[in-house]
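Enquirer: Model the following, please.
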Amino acid sequence: MRHPAPTPSNHSIPLSRARGTQRRPSPGPVEPSAEVIENFNALVHELYRDAPQIDAEAIASVSSWLEAQPVDQRELHLQARLGRLAELEAMRQDRDWPLDPAQERRIDLILDYVHSEDDMIPDAVPTYGHLDDALLLELAWPVLAEDVDDYRDFCHFRDETGESGGRRVHQLDWLRARAEEGALWEQLHRVHDQVYVEHAPPVRFFRVS
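Expert: All right, here's what the predicted structure looks like:
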């Protein structure tokens, strides 16, 4: 069974409803130019090559979806995604959690885009100014999710462990501890299976006349 791609929030932005038709897109609250959308797509696919292509119809649909939300919910929908930026920035700057250079570049590109005021939807636009930032995170998240989840687990591990032998806890300490836990788990399974086989009642066969 194919599982859906991870998203930064429990509820995904409804992009699927905006795609798959040939009709002319209806005007939305924001209408970026074709060139601006093309540049946005280029960035998205540099981050995650399997991300869906965004077009004017998708932008119109997503902005209309946000407009239709209760006023007090709009900011919550955006912050559910933009709130993950702090995790990305912390992970990027943490010297005890080295990242693959390609992942470092992805995070840098995302942070640069989000901190820019002149992007697909300028930040100064009321209501929708950060919609493109949230959308960028949504589309790129599948290639970030595993590292973010691991980093969150590492932070918990570091908080619980504290300094060991007067030195800082490093990613290698986390990897070693999790590997030992995995080996212990496998050993417990083997012991359980062995005990079950040794103590299982004998199988009796009866002759059928």
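
Enquirer: And the helices in the chain, which stretches?
Expert: Along the chain, counting by DSSP state H, helices occupy 34-47, 56-68, 71-82, 85-93, 101-115, 131-140, 145-161, 171-199.

Enquirer: And those helices: which comes nearest residue 9?
Expert: Set against residue 9 and scored by CB to CB, those come closest in helix 71-82, at 3.8 Å. To be clear about C-beta, it is placed using only N, CA and C from the backbone, and glycine gets the same treatment.

Enquirer: what does the closest one rub up against?
Expert: Identification of contacts with helix 71-82 by CB atoms under 8 Å, 6 or more residues apart in numbering yields 8-11, 13, 66, 69, 114, 127, 130-131, 133-134, 137-138.

Enquirer: Tell me which two of those sit farthest apart.
Expert: Based on CB to CB, the longest span within the contacts of helix 71-82 runs between 10 and 127 and measures 22.1 Å.

Enquirer: ok, these two, which is more surrounded?
Expert: Neighbours per residue (other CB atoms under 10 Å) separate residue 10 from residue 127, with residue 127 holding more: 17 against 6.

Enquirer: right, and that one touches residue 68 too?
Expert: No - using CB atoms under 8 Å, residue 127 is not in contact with residue 68, being 11.4 Å away.

Enquirer: Which residues are in contact with each of the two?
Expert: Residues touching both residue 127 and residue 68 by CB under 8 Å, 6+ apart: none at all.

Enquirer: Find me whatever residue is spatially closest to residue 127, sequence neighbours aside.
Expert: Of all residues not flanking residue 127 in the chain, residue 74 sits nearest, at 6.4 Å (CB to CB, 6 or more residues apart in numbering).

Enquirer: cool, and residue 55?
Expert: Excluding the flanking residues, the one nearest residue 55 by CB to CB, 6+ apart is residue 37, at 6.7 Å.

Enquirer: burial of the one you found, as a residue count?
Expert: Residues lying near residue 37 (other CB under 10 Å) number 19.

Enquirer: you'd agree it is up against residue 53?
Expert: No - contact criterion CB under 8 Å: residue 37 and residue 53 do not qualify, at 9.5 Å.

Enquirer: residues contacting residue 130?
Expert: 78, 82, 121, 123.

Enquirer: one more time with 10 Å
Expert: Counting by CB atoms under 10 Å, 6 or more residues apart in numbering, residue 130 makes contact with 75, 78, 79, 81, 82, 114, 119, 121, 123.
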